[in-house]
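> Need a 3D model of the sequence below.
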Amino acid sequence: MNKWSDNRAWWLVLPVVLIVAFSAVIPLMTVVNYAFQDTFGNNEFYWAGIEWFQEVLRSDRFHGALGRQFLFSFIILSIEIPLGIAIALAMPKKGLWVPFCLILMALPLLIPWNVVGTIWQIFGRIDIGLLGATLDGLGIEYNYTQNALDAWVTLIVMDVWHWTSLVVLLCYAGLQSIPDAYYQAARIDGASKWATFRFIQLPKMNRVLLIAVLLRFMDSFMIYTEPFVVTGGGPGNATTFLSIDLVQMAIGQFDLGPAAAMSLVYFLIILLFSWVFFTVMSYLDRAES
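Have a look, this model is predicted:
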């Protein structure tokens, strides 16, 4: 009877499997089909082999977009992880201010991506935007539509404002899970704040930090909506990340073969880094146990 009940329980997963198959697997197979074939219309396809992959991997356009994507993710992680840890350490652990701080941290995460892009697009304009007009009034030259450095700074500050809260909440949850006995022992030993952080708080946060790094790398590496709304990939190609370049190739130029090959390479890069993070987390779990 138990065995039959366990088998029947698998039917509860069937709707999820069907949804995933419809929304992910079928489109992925379509992309694979276009990546290895060429078409001249009339729904007629011809085998192209790895021609599109060779074209993409040898393209300076792809290398430039990929480099900008990695650079953006590296800068984002370098800022948001330390900043998130610092804010989590500064937040109150008990009292009436705890729910207020948690709600305040969660607010940016509730704003949709396209709305965030629109907010910062207006915020940074020198004619009507508060940031742009203020900097212009102070005599500071700022124009994210014409200056590549200004565009990068705008996108980085926007992403830090939007997603640092996620790191803060994860780190705060890790800090709250540390028993008070650890802090009592540290006070008895006369440990400094740095020693308490280095040998108690940081080791206890390693798992949530790995999750935070993984999530923020994935999000920043796949970012599309915000930079597309704010800069559209400009000025020039300064903020044309791999995601934007892929959409331009697939929809703007309608080069389905190279776009499909690029999307698969994109997918494999993300999959590789996900596997690396999963391996690291699994190794740390085994080391602690």
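> for the closest residue to W47 other than its chain neighbours, phi and psi?
The spatial neighbour of W47 that comes closest, neighbours along the chain excluded (C-beta to C-beta, 6 or more residues apart in numbering), is Q37 at 5.9 Å. Backbone N, C-alpha and C define where each C-beta goes, glycine included. Per-residue torsions, Q37: phi -140, psi 160 (degrees, to the nearest 10).
> give me every residue that touches Q37.
Contacts for Q37 (C-beta atoms under 8 Å, 6 or more residues apart in numbering) come out as F45, Y46, W47, A48, G257.
> Surely the last one touches W47?
No. The pair formed by G257 and W47 falls short of the contact definition of C-beta atoms under 8 Å, at 11.5 Å.
> Might you list the low-confidence residue ranges for the chain?
Regions of the chain meeting the criterion pLDDT under 70 cover residues 1-7, 41, 285, 288-289.
> in it, which spans are strands?
37-39, 45-47 (DSSP state E).
> Out of those, which is closest to V213?
The closest approach between V213 and any of those, judged by C-beta to C-beta, belongs to strand 37-39 at 37.7 Å.
> Partner strands of that closest one and their direction?
Based on DSSP bridges, the strands next to strand 37-39 in the sheet, each with its direction, are strand 45-47 (antiparallel).
> quick one: terminal-to-terminal distance for stretch 184-199?
Across stretch 184-199, the terminal residues are separated by 14 Å (C-alpha to C-alpha, to the nearest Å).
> Residue numbering should commence at 561 henceforth.
Shifting the count to begin at 561 puts that one at stretch 744-759.
> how about the nearest residue to V789 once chain neighbours are set aside, what does it touch?
Once flanking residues are discounted, V789 sits nearest to G677: 2.9 Å by C-beta to C-beta, 6+ apart. By C-beta under 8 Å, 6+ apart, the contact list for G677 reads M718, T785, E786, P787, F788, V789, V790.
> And F613, by the same measure?
The neighbourhood of F613, defined by C-beta under 8 Å, 6+ apart, consists of A595, A821, L824, V825.
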